[in-house]
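J.: when you get a sec, could you give me coordinates for this:
(chains A and B)
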Amino acid sequence: MMRSPDSLNLEAIRAQFPILHRQIDGKPLVYLDNAATTQKPVAVIQAITDFYTQCNANVHRGAHQLADEATRRFEQARDTVASFIHAANRNEVIWTSGTTEAINIVAHGMAQRLQPRDEVLVTEMEHHANLVTWQQACLRSGASLKIVPIDDNGALNTEAFSRLLTERTRMVALPHVSNALGTINPIKALTAEAKAKGALVLIDGAQGIAHGAVDVIDIGADFYVFSGHKLFGPTGVGVLWGKAEVLHNWPVWQTGGEMIAEVSYQTATWGELPNRLEAGTPNIAGAIGLAAAIDWFQQLDIKAVQAHERALLAHATKLGQAFAGLQMVGTAPDKIGVFSFLLQGCHPADIGFILDRQGIAIRTGSHCAQPLMQRLGLPGTARASFSVYNTLDEVDALFLALHKTQQMLA
Amino acid sequence: MTLPGYAQIIEDIAFFDDWEQRYQYIIDLGKSIPPLAAEHKTAAHLVAGCQSKVWLTSQQQGGRLQFQADSDAVIVNGLLAVVLAAYHNQTPAAILAFAIDDYFKTLDLERHISPLRGNGLRAIVARIISMAKRAQSEISQ
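T.: Predicted structure coming up:
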């Protein structure tokens, strides 16, 4: 019997993920790289297969049965997302290729509106996707990029946030959760503070979306963005949610089909939301797959999911504290199940190689957060990141494998 | 110390029958590779690797290319020793003729710690080959 909170049937959950039954070099796969991407349940794989086997067609323009069915499923997927994040209006849900593209759409538009005296606020814990985008928007517009520091435990320094927030702050872009450290930021309070100063607020939800209930109205930000593949859905699809009153005249991102109203040889006018920000044929199967992932995720008891992930992190933390030479990186009080660590005398890349050979998948390196690693004075870390389908036994397996790693590298 | 030649490495690795021994051999090789002096660890000598850093320096002597490499990760260092066993102190023609992929396949390293695993080895091999090509075209001119 697997150890887990009562309301979560771990065996039944794991049975829905075919890949979790794979073996790596004769050893059962222990997949602890969920912050990079999550695995996919049968329901998602089946939804994509069904789409391609039953009703593949382009959306919105066909004059035939398949096009109608494809369009209906595709637009139903938008409704699923809208209701999942409690959006006020389905037209506020824009399909993107992922979090990165969603942030680029916002940063690209913002760059056209920023003035040289304006300021943009991001944090020291940013993933490159929410740093380089704003850095480049500032370079293009002449605005200043301000960086909110973190404390040594990886928590955001909220006093510094308040200090850096000024009347000149036009944009605040924050991670819901840090990918490298697991820190959960108090986004609702920070958003309220930023809105009071008149700034627009974007929340990078890439790491937050699969670990709690997200209510965009309650959070109060102007934009919330996330990727499908970190939420048990397919790669290549993501969501930009934005308040209709902000998005309706947002500078268009890509131009081409779908996003237009009228076109002549010399001019064009843009369509309404959501189409004006969705040029070209969308990732139809991806959107349908993501909706299936959301349906799958929503039938879980989210409180039980969170309790289970906290139990995994607590178990790892307990074993980590007892492990000679192991240093945890990121010990903020409020965290998701991200266990970033260093092992004395062992380079993270070497740890990754030797764990891999034992069937254990983790991530090593700078986690697309090079400035954060510089801030922490680290070459990178090894990171185990947990998801709902991981077990306490898998955490034990990680530490058993780490003992061997330490012996081999000593 | 003198690092083993590639024929020696093939022979050594063939002797091991489990992954732990193979990895331990690579780790030991990595520990015995002479470190690159700090002044050579410059941006110009840095070869892109996402998970670990790798530096490569070269010089030409008597028509042969000589290399020194270093990484902050010990397994990568061991793999560098494996790569340099094939390329160090060879003529450009010999470098270009060497079948590196077959070599890695023979070592049975390809599957687990191959140059394709984002550890910078593929970039090292590419840099060595482009140096050899340049050296060869200088010779033929």
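
J.: all contacts plus neighbour counts: C-alpha atoms, from now on.
T.: Will do.

J.: quick one: low-confidence residue ranges for chain A.
T.: A:1-6 (pLDDT under 70).

J.: repeat that for 80
T.: Applying pLDDT under 80 to chain A flags residues A:1-7, A:61-62.

J.: dump the residue contacts of the most centrally placed residue in chain B.
T.: By Cα atoms, centre = their mean, chain B has its centre lying nearest to residue B:83, at 2.5 Å. Neighbouring residues of residue B:83 by Cα atoms under 8 Å, 6 or more residues apart in numbering or on different chains: residue B:125.

J.: tell me the secondary structure for it?
T.: Put simply, residue B:83 is helix when judged by DSSP: H, G, I helix; E, B strand; the rest coil.

J.: what do you get for the one 3 residues further on?
T.: What three-state DSSP gives for residue B:86 is helix.

J.: distance of it relative to residue B:28?
T.: Using Cα to Cα, to the nearest Å, we find residue B:86 at a distance of 18 Å from residue B:28.

J.: what's the answer for residue B:35, then?
T.: For residue B:35, the distance to residue B:28 - Cα to Cα - is 14 Å.

J.: quick one: which of these two has more around it?
T.: residue B:28 (17 against 14; other Cα atoms under 10 Å in any protein chain shown).

J.: all helices of chain B, in order?
T.: All helices of chain B, identified by DSSP state H, fall at B:6-15, B:19-32, B:74-87, B:92-97, B:100-106, B:110-113, B:121-140.

J.: need those in JSON lines with mean pLDDT, can you?
T.: Output for these, formatted as JSON lines (pLDDT from 0 to 100):
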{"stretch": "helix B:6-15", "mean pLDDT": "91"}
{"stretch": "helix B:19-32", "mean pLDDT": "92"}
{"stretch": "helix B:74-87", "mean pLDDT": "92"}
{"stretch": "helix B:92-97", "mean pLDDT": "96"}
{"stretch": "helix B:100-106", "mean pLDDT": "86"}
{"stretch": "helix B:110-113", "mean pLDDT": "57"}
{"stretch": "helix B:121-140", "mean pLDDT": "87"}
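
J.: please identify the most buried of those.
T.: Greatest average neighbour count among the helices of chain B goes to helix B:74-87 (a mean of 24), per mean count of other Cα atoms under 10 Å in any protein chain shown.

J.: got the angle for it vs helix B:121-140?
T.: 30 degrees (axes from the mean of the first three to the mean of the last three Cα atoms, to 10 degrees).

J.: residues of chain A that sit close to chain B?
T.: A:346-350, A:353, A:357, A:364-366, A:380, A:408-409 (Cα under 8 Å from any Cα of the partner chain).

J.: one more time with 6 Å, if that's ok
T.: By the rule Cα under 6 Å from any Cα of the partner chain, the part of chain A lying against chain B is A:347, A:349, A:350, A:365.

J.: state the number of residues packed around the residue of chain A found nearest chain B.
T.: Nearest residue of chain A to chain B: residue A:365, at 4.5 Å (Cα to the nearest Cα). Neighbourhood size, residue A:365 [other Cα under 10 Å]: 23.

J.: what's the answer for residue A:113, then?
T.: For residue A:113, using other Cα under 10 Å, the count is 14.

J.: and the residue nearest to it when sequence neighbours are not counted, what is it in contact with?
T.: Distances taken as Cα to Cα, 6 or more residues apart in numbering or on different chains place residue A:141 nearest to residue A:113, at 7.9 Å, with adjacent residues excluded. Residues near residue A:141 by Cα atoms under 6 Å, 6 or more residues apart in numbering or on different chains: A:111, A:114, A:115.

J.: try it again at 8 Å.
T.: Residues counted as contacts of residue A:141 (Cα under 8 Å, 6+ apart) are A:111, A:112, A:113, A:114, A:115, A:116.

J.: tell me the one among the residues you listed nearest to residue B:55.
T.: Comparing the contacts of residue A:141 against residue B:55 with Cα to Cα places residue A:111 closest, at 37.7 Å.

J.: how near is the closest residue to the closest one other than its chain neighbours to residue A:254?
T.: Closest residue to residue A:111 in three dimensions, ignoring its sequence neighbours and counting by Cα to Cα, 6+ apart: residue A:137, at 4.7 Å. In this view, residue A:137 and residue A:254 are 16 Å apart by Cα to Cα.

J.: tell me the residue of chain B that sits nearest chain A?
T.: residue B:51 (4.5 Å).

J.: so residue A:88 lies in a strand, does it not?
T.: No: checked against three-state DSSP, residue A:88 lies outside a strand; its state is coil.

J.: could I get the phi/psi values of it?
T.: phi -70, psi -20 (degrees, to the nearest 10).

J.: quick one: contacts for it?
T.: A:82, A:217.

J.: kindly report the same for the one 3 residues further on.
T.: By Cα under 8 Å, 6+ apart, the contact list for residue A:91 reads A:244, A:273, A:274.

J.: secondary structure and neighbour count for these - can I get that in TSV?
T.: Converted to TSV, the contacts of residue A:91 look like this (DSSP: H, G, I helix; E, B strand; the rest coil; neighbours: other Cα atoms under 10 Å in any protein chain shown):
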residue	secondary structure	neighbour count
A:244	helix	19
A:273	coil	19
A:274	coil	20
